[in-house]
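**Q** sequence-free structure coming up:
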């Protein structure tokens, strides 16, 4: 169902629209103009981040990234996950298939040992999902981000390669297959 393609400068307008939408309320604030978004795309590329556009049935519907790739320690941050076109996606498990594709890429192609990140403490839905999928809480990062002028805690989470293969990936596959059975 899902294809990941590299983020390009041509994606600046749509990704900015997504980032400024209510759906992005738990993402860190960023660009406010198309020019700032283009600059961010270029600087992210220079930093070695791997940013992807999520495509579903030929439509661009979201974005995700792998960043802070540390080949020595075999760790990578998964972030910037946002489904920006929920009306196109509907109930399809685009989130779950995207998660599986990016995790497979991190472990199988980049040779990573751990995927980690942080989720804003207020983002209860994402935290529940991550814990259900087998991610572990590594700690609380106190007052880690300023969000709308207020310091916010984030929850540090991670999953190791063996946990992904034994716990997370089978759950992702089951969610995708379950949807496919009922969608037909």
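**A** Thanks, I have it. Because the structure is predicted, anything quoted here is derived from the model rather than measured.

**Q** so how far is residue 182 from the spatially most central residue of the chain?
**A** In the chain, the C-alpha nearest the mean C-alpha coordinate belongs to residue 81, at 2.7 Å (CA atoms, centre = their mean). Shown here: residue 81 relative to residue 182, a distance of 24 Å by CB to CB, to the nearest Å. Where you see a C-beta, it was placed from the backbone N, CA and C, and this is true even at glycine.

**Q** Residue 91 and residue 19: what is the separation?
**A** 24 Å.

**Q** Compare neighbour counts for those two and give me the winner.
**A** residue 19 (21 against 9; other CB atoms under 10 Å).

**Q** ok, how many other residues are close to residue 121?
**A** Neighbour tally, residue 121, other CB under 10 Å: 16.

**Q** what's the offset of the least confident helix or strand in the chain by mean pLDDT from the middle of its chain?
**A** For the chain, using mean pLDDT, DSSP states H and E, the weakest element among its helices and strands is helix 12-19, scoring a mean of 83. How far helix 12-19 lies from its chain's middle: 15 Å, per CA atoms, centre = their mean, to the nearest Å.

**Q** What is it packed up against?
**A** helix 34-46, strand 59-70 (3 or more CB pairs under 8 Å, 6 or more residues apart in numbering; DSSP states H and E).

**Q** List the buried residues in that helix.
**A** By 16 or more other CB atoms under 10 Å, the buried positions in helix 12-19 come out as 12, 14-16, 18-19.

**Q** and for the top helix by length along the chain, what are the contacting residues?
**A** Longest helix in the chain, counting residues (DSSP state H): helix 169-183. Residues outside helix 169-183 that contact it (CB atoms under 8 Å, 6 or more residues apart in numbering) are 1, 91-93, 96-97, 99-100, 103-104, 132-134.

**Q** ok, now stretch 147-158?
**A** 28-29, 114-122, 127, 130-131, 135-146.

**Q** re earlier: and the average pLDDT for the longest helix of the chain is what?
**A** For helix 169-183, mean pLDDT is 91.

**Q** Likewise for stretch 130-146?
**A** Per-residue scores along stretch 130-146 average to 96.

**Q** buried ones in that stretch?
**A** 130, 133-135, 144.

**Q** out of those residues, which are inside strands?
**A** Those of the buried residues of stretch 130-146 mapping onto strands are residue 144, per DSSP state E.

**Q** The closest residue to residue 106 other than its chain neighbours: which element?
**A** Spatial nearest neighbour of residue 106, excluding adjacent residues (CB to CB, 6 or more residues apart in numbering): residue 112 at 4.6 Å. Assigned by DSSP states H and E, residue 112 falls within no helix or strand.

**Q** likewise residue 79?
**A** strand 75-83.

**Q** Against which helices or strands is the next helix or strand after that strand packed?
**A** As assigned by DSSP H and E, the chain's next helix or strand after strand 75-83 is helix 86-89. Where contact means 3+ CB pairs under 8 Å, 6+ apart, helix 86-89 is packed against strand 59-70.
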